[in-house]
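Participant: Fold the following for me, if possible:
(one chain, ligands or ions: 1)
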Amino acid sequence: MKTIAVRIARKRQEAEGIVSLEIGRIDGAPLPPFAAGSHIDVHIRPGLMRQYSLYNDPGEHRNYRIAVVRDPASRGGSVAIHDELREGDLIEISEPRNHFPLVRARRSLLFAGGIGVTPLLCMAQRLSRIHADFEMHYCTRSPERTAFQELIAGTGLAASVHYHFDNGDERQLLDVREVLGDPDDSTHLYVCGPDGFMAHVLQAARTYGWLPQNIHYEYFGAQPMDTSGDTAFDVVIASSGETVRIPAGKSVVEILRQHDVDIEASCQQGVCGTCVTRVLEGEPEHRDRVLTSEQKAKNDQFTPCCSRSKSPVLVLDL
Ligand code: FES
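Facilitator: A predicted model of the protein is given here:
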């Protein structure tokens, strides 16, 4: 994918363990427009690329803003951004992509866990700008680890944002029954945060009977997966008829690349949706967190960066 050369115009400590980067073109020209929920690839240094959601108002054209929590247990991107990148550094990014878009609804409920606030803050600014009815629930460990309190207070979002701190008293904790206990088909839910938070909110929404099509979510990372039972399977390239063997332990994207079939991929862990490919025959074994269960059930597309096959052969629309 085409990259854009940008400069880090500003790096700022937003909260304990969280920094934000404001990035813009070197000549100050506008960046490609983006919609709420979008993310970009950030090429932190050669060989290290990660995806981050944009948190700024989609009405801003000269800057993208991302925020990163320092997580030494992660795959290294967050620590490199915290420790290595400086204001003035030149880096490359991708154009924004969006697999977590806002849909038109009478009302929107946004649920943010920790740094999962970034795409939701972008949505909140958009909803506020168009005077839409929304409410955001922002759950974090403590006020000290809560980014963007100033921004929220200063942009008129404050009245719509409810903070819930793990270390606060019980009365202010997120009460899913109170917020989700009365499903409404004209309201849409948006959820982003760590796995435990996602499971808590999504499970509650399903239990209380929210329509699946009204529940939207985005995960940060791959789901834990036992791959010890993986076996080989074949993929057939529909345009050429070529059959390629995919061994256990290797992804379809990886092996097809060796056969000069390039599928555009980004996160390589089933969360960004960049690699989604049409399946013409066969039954994929879906391992991503980006397709909905309805999309997965159709078995007519899959994510070749991480998903495999239940049938011996998959015919791909390539
Ligand atoms: S590359 Fe991100 S889902 Fe496959």
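Participant: only C-alpha atoms for contact and neighbour calcs from this point on.
Facilitator: Will do.
Participant: give me the element C306 is part of.
Facilitator: Assigned by DSSP states H and E, C306 belongs to no helix or strand.
Participant: for it, what are its contacts?
Facilitator: Neighbour list for C306: S251, V252, Q268, Q269, G270, R287, D288 [criterion: C-alpha atoms under 8 Å, 6 or more residues apart in numbering].
Participant: any idea how far the ligand is from D195?
Facilitator: 17 Å (C-alpha to the nearest ligand atom, to the nearest Å).
Participant: That residue: what's it in contact with?
Facilitator: D195 makes contact with Y219 under the criterion C-alpha under 8 Å, 6+ apart.
Participant: phi, psi of it?
Facilitator: Per-residue torsions, D195: phi -50, psi -50 (degrees, to the nearest 10).
Participant: and what of the one 10 residues further on?
Facilitator: Dihedral pair for A205: phi -60, psi -40, per degrees, to the nearest 10.
Participant: ok, the residue nearest to it when sequence neighbours are not counted - how many residues close by?
Facilitator: Excluding its sequence neighbours, the residue lying closest to A205 (C-alpha to C-alpha, 6 or more residues apart in numbering) is L180, at 6.2 Å. Counted with other C-alpha atoms under 10 Å, the neighbours of L180 add up to 19.
Participant: pretty sure L180 contacts A204?
Facilitator: Yes - when contacts are counted by C-alpha atoms under 8 Å, L180 is listed as touching A204 (7.2 Å).
Participant: three-state assignment of the residue of the stretch 51-200 of the chain found nearest the ligand?
Facilitator: In the stretch 51-200 of the chain, the residue found nearest to the ligand is Q51; the distance is 9.2 Å by C-alpha to the nearest ligand atom. The assignment at Q51 comes out as strand when based on DSSP: H, G, I helix; E, B strand; the rest coil.
Participant: where does the stretch 1-150 of the chain have low pLDDT?
Facilitator: The model of the stretch 1-150 of the chain has pLDDT under 70 over residues 1.
Participant: What count of nearby residues applies to V244?
Facilitator: V244: 16 neighbours (other C-alpha under 10 Å).
Participant: Name the residues linked to it by a beta bridge.
Facilitator: The residues listed as beta-bridge partners of V244 by DSSP bridges are V235.
Participant: Verify the stated contact: it with S251.
Facilitator: No - counting by C-alpha under 8 Å, V244 does not reach S251; the two are 11.8 Å apart.
Participant: center of the protein, which residue is that?
Facilitator: E218 (4.7 Å; C-alpha atoms, centre = their mean).
Participant: Can you give me every residue that contacts that residue?
Facilitator: Contact partners of E218, counting by C-alpha under 8 Å, 6+ apart, are F100, V191, C192, G193, V271, R289, V290.
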